[in-house]
Structure formats: structure tokens, C-alpha cells
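# Fold the stuff below for me.
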Amino acid sequence: MSTTAHALPVPTVRQDATLIGLVGLAHGISHFSQLVLAPLFPWLKEAFGVSYTELGFVLTVFFVVSCIVQALSGFVVDRYSPRPVLFAGLGLLGLALLGYAAAPSYWMLLVCAVLAGMGNGVFHPVDYTLFNRKVASSRLGHAYSVHGITGSLGWALAPAMVVPLAMAFSWRVALASAGGLALAVLVVLWLNREVLSLPGSPTAPASAKPTSATGQKASTTAGGLDFLRIPAVWMCFAFFLFYAMALSVVQTFAPEAARQLHAVPVTLVAVCLTIYMVASAGGMVLGGFLAADPTRCERIVAVGIGLAALVALSLALAPVPASLVPVLFGLMGFANGIAGPSRDLLVKRSTPENATGRVYGVVYAGLDIGQAVSPLVFGRLMDHGQYTSVLVGLAVVQAVLIASAFNVRRVRRTATAAQAV
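Purely as a prediction, here's the structure:
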């Protein structure tokens, strides 16, 4: 049955700001959940009598499950609606965090990691479907910028919240508080649920037709695997896999490698990651303005990540004073942040209008795979004291990212030219 689609009016700044804020808030909880356990490893190791390798396996389970769910949830988002999937994801995260807090054994941590991975896996398909379908195209760069900023702040909040609570009370109180925060955000989103409804979805008013924020008709056809035949989709997948590998090195090993190479005091090492994340959020603000012109997104990615690679090489090879190491981490974070919104536009420009959830689900599954694989590679280098190799390897992965970004553009242009013939 066919209907006549009437273009929806372009949303106002206030409407877009409300949607972007709510989605960003939820995205922050997703990233918060990814780093909430690692700072508590010293407490968990003692409580359950396990090794760091066993605790690291909990995170591996989390990211493997998240990867699978992320790829599959995009189909659910396209078939039904992003809103109920978002609510389910937040609910699962809250339940998993409370489960961590009450866990009587190591094996229960693994069960909760499965639940947390299921919850974490829904966010990118949900978030980008809402942005691409509801936000005015002229403000998409800013939407992606806020999305990245809230993610970075979620990462920064996790250790800043749970470590002081664990020191003051216990690790169980810290994780219970984290679970309460996730559920509180779910309540906020539920109270504003109308903002998260998608035109043309089962949860939207019956009179609404599926259109993009620019008034362009969006197909209501859901399901199907035709998008997997688009080479640019797989190029984006590879790009995000390497992006996640680089991020994992920064989050897990780079501060300790820098400490070993430059005799950095432990007190300074502890703030390197926080400085990196905060600076990354600042870089994304600038990156949101630069991404206003989508035709230059590959060049912005190249410049931002290229600068970050040069900083990594400096940390690896130059005689850097210990006091300068946190500053260099901040510079590296700011450079990566600049590239963030343009990074997301790479996917947007390669996505069919009727397959947003599916494409973002598959592409962003590369993030989880990269974060699961990277510790296996770089952790071995750390175990053998190859600290310089860790930072040089980080720079190499970032260089591959630059090549991947331009390869996405090349594949996309080749496909466009072939269609025009």
C-alpha cells in the first residue's frame, strides 16, 4: 500500500537541542558503563581472589556481547523504533551494574557482564538513527559533536565516581551508586519520551510520515541485507575497528608505558587519562563546527588523527620531561576530538536512507571488536616491557586510520561513479 508522504517541517533549534541532549545523556551512561569496573580491579581482585587476567576477561565478555548485540540491534531499530530499544538498553545497564554490586562470586560478574554488554550494544544504532532522521542536516555536525563529548565525559566520570566511593565506603556501594545513576537517566528519558519518538514508527502519532529532518522521504522498508553489499560500509567498519584499537591503547596501556619511559610520578599518571578525555571533549566542540561541511570530513579526520599520531611518536621516541607527559596526553586527546564529528559523518555519507540502524550497528560493531582485540596485542608488548613499541604501535594504528578514512571516500566515489554510468 502506498501513501503520499508529506515532508515534516525542519525542526527548531530548541527541538534539536532537546533531542541531542537526551541522546547524549544516554550515550554518556553507555561509556560510563564501559569504564566502571576497571578502576575497581584492585578491590575486586581481593574480594574474589582472582587474577587481573580473569578480571580482564570480564571486560572481554562485555565487549564481545556488545559487538554481537550492536550488529543485531540495528535491524530491530529499523524494523520497529529506536525508543523502546534505547529504554531496554538503559534498563539492562542499570540491572547489570546493580548485579555487579551484589555479585557473590566471580562467575556472577561474568553473567552481569553479559547483561551489560547487551545493554551497551544498542546505543549507536539508536542514537544515530534518531539524529539522522530527526535533526536538521545543518546541525548534524553539532549533534555528532555533543554525542562524542558526552561519551568522553562518561568515560571520565566512571573512575572519578566509583574510586572515591570505593575508598570511602566499599566497591559494592560504588557499583550500586553507578546502577542507580543509570536508572535515574532512564527515568529522565522516560519522562521526555515524546521527544524520542520517530516519525513513522509504531510509537509515533499515526499522522506522522517517515521523513528525514530535511523533508526527504525515507523508505519504510525494514530488514534486508542489501546494505552489506556496499563496500564503503565495510571500509567504515575497518576504520572503526582501528579507531577502537587506538582508543583501547590510550585507555589501558599508554599512561603506564609513558610512566615507564619518562619516570612519570604515579600521581601524574593517574590524571593522564582524565586529561585526555576532557581535552577530547573540548576538541569535539571545535570538530562540530568544522564538520558543518561534510565534503571535507576525510581531511579533518586526517589532520586530527595525524596530529595525535605525532604526539604518540613524541612520547615514544623523544626525551620528554615527566611534567610534560600529561600535557601531551591532553594534546593527543584534543586532536582526536577534532576528528570525532567528521568520523561519524564518514558513516552518514555511506548510509542508505532506509538502513541507518543496520549500517551503524554493523559499522560500530568494529568498535567492540577493536577494543576486544587490542589488549591481546598490546598487552603482550607490555608484559615484555616493550613500552616504546606500545606507543609506536599506537602511532602506526593512527596512521592506518588516516589511510582508512581516505579509502572510505575512494570506495564511495567509485560506487557513485558506477551508478551514474
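# From here on, just use CA atoms for contacts and neighbour counts.
Fine.
# tell me how far stretch 320-336 is from the chain's mean position?
How far stretch 320-336 lies from its chain's middle: 22 Å, per Cα atoms, centre = their mean, to the nearest Å.
# Pull out the buried residues from it.
320, 322, 325-326, 328-336 (16 or more other Cα atoms under 10 Å).
# Farthest pair within these?
Longest distance between any two of the buried residues of stretch 320-336 is 22.1 Å, between Ala322 and Asn336; criterion Cα to Cα.
# List the residues that contact the nearest residue to Ala308 once chain neighbours are set aside.
Leaving aside its sequence neighbours, Ala308 sits nearest to Met332 (Cα to Cα, 6 or more residues apart in numbering; 4.5 Å). Listed by Cα atoms under 8 Å, 6 or more residues apart in numbering, the contact set of Met332 reads 276, 280, 307-309, 311-312.
# and the residues you listed as a markdown table, adding pLDDT, secondary structure and neighbour count?
Shown next, in a markdown table, are the contacts of Met332 (pLDDT from 0 to 100; DSSP: H, G, I helix; E, B strand; the rest coil; neighbours: other Cα atoms under 10 Å):
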| residue | pLDDT | secondary structure | neighbour count |
| --- | --- | --- | --- |
| Tyr276 | 89 | helix | 27 |
| Ser280 | 87 | helix | 27 |
| Leu307 | 94 | helix | 20 |
| Ala308 | 93 | helix | 26 |
| Ala309 | 93 | helix | 26 |
| Val311 | 94 | helix | 21 |
| Ala312 | 94 | helix | 27 |
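# And these, which is closest to Ser138?
Ranked by distance to Ser138 (Cα to Cα), the contacts of Met332 are led by Ser280 at 22.7 Å.
# Spell out which residues make up each domain of the chain.
Per automatic domain parsing, the structural domains of the chain span 13-196, 227-420.
# start to end distance for the first one?
By that I understand domain 13-196. 16 Å (Cα to Cα, to the nearest Å).
# what's the distance between it and the middle of its chain?
On Cα atoms, centre = their mean, the centre of domain 13-196 falls 10 Å from that of its chain.
# do the last one as well
Remark: domain 227-420 is offset 11 Å from the chain centroid, using Cα atoms, centre = their mean.
# residue contacts, the residue lying closest to Pro82 once chain neighbours are set aside?
The shortest distance from Pro82 to any non-neighbouring residue, by Cα to Cα, 6+ apart, is to Val126 (4.9 Å). Shown in contact with Val126 (Cα under 8 Å, 6+ apart): 74, 77, 82-83, 85-86, 357.
# ok, and the most crowded of these?
Counting neighbours by other Cα atoms under 10 Å, Gly357 leads the contacts of Val126 with 33 neighbours.
# Now do the same for that one: its pLDDT.
Looking at Gly357, its pLDDT stands at 66.
# Kindly report the same for Ala270.
Looking at Ala270, its pLDDT stands at 67.
# Am I right that Val163 is in a helix?
Yes - judged by DSSP: H, G, I helix; E, B strand; the rest coil, Val163 forms part of a helix.
# what's the spacing between it and Gly306?
Remark: distance between Val163 and Gly306 (Cα to Cα) = 34 Å.
# So what does Ala103 look like in phi/psi?
Torsion angles at Ala103 (phi, psi; degrees, to the nearest 10) stand at phi -60, psi 130.
# right, I mislabeled it, should have said Ser105
Torsion angles, degrees, to the nearest 10, at Ser105: phi -150, psi 170.
# Please determine how far the closest residue to it other than its chain neighbours is located from Ala103.
Residue nearest to Ser105 in three dimensions, not counting chain neighbours: Phe48, with 6.4 Å by Cα to Cα, 6+ apart. Taking Cα to Cα as the measure, Phe48 falls 10 Å from Ala103.
# Please say which of those two ends up with more neighbours.
With neighbours defined as other Cα under 10 Å, Phe48 and Ala103 compare such that Ala103 has more, 18 against 14.
# what's the closest non-adjacent residue to the more buried one?
Counting by Cα to Cα, 6+ apart, the nearest residue to Ala103 once its immediate chain neighbours are dropped is Leu109, at 6.2 Å.
# isn't that neighbour right next to Tyr100, touching?
Yes - contact criterion Cα atoms under 8 Å: Leu109 and Tyr100 qualify, at 5.8 Å.
# Only the buried residues of stretch 126-146, if you could.
Quick answer for stretch 126-146 (16+ other Cα under 10 Å): 126-137, 139-146.
# Stretch 391-401 too?
Of the residues in stretch 391-401, 391-395, 397-399, 401 count as buried by neighbour count, 16+ other Cα under 10 Å.
# Quick one: residues in contact with that stretch.
Contacts with stretch 391-401, where a contact means Cα under 8 Å, 6+ apart, come from 239, 242-243, 245-246, 249, 254, 257, 305-306, 308-310, 312-313, 315-316.
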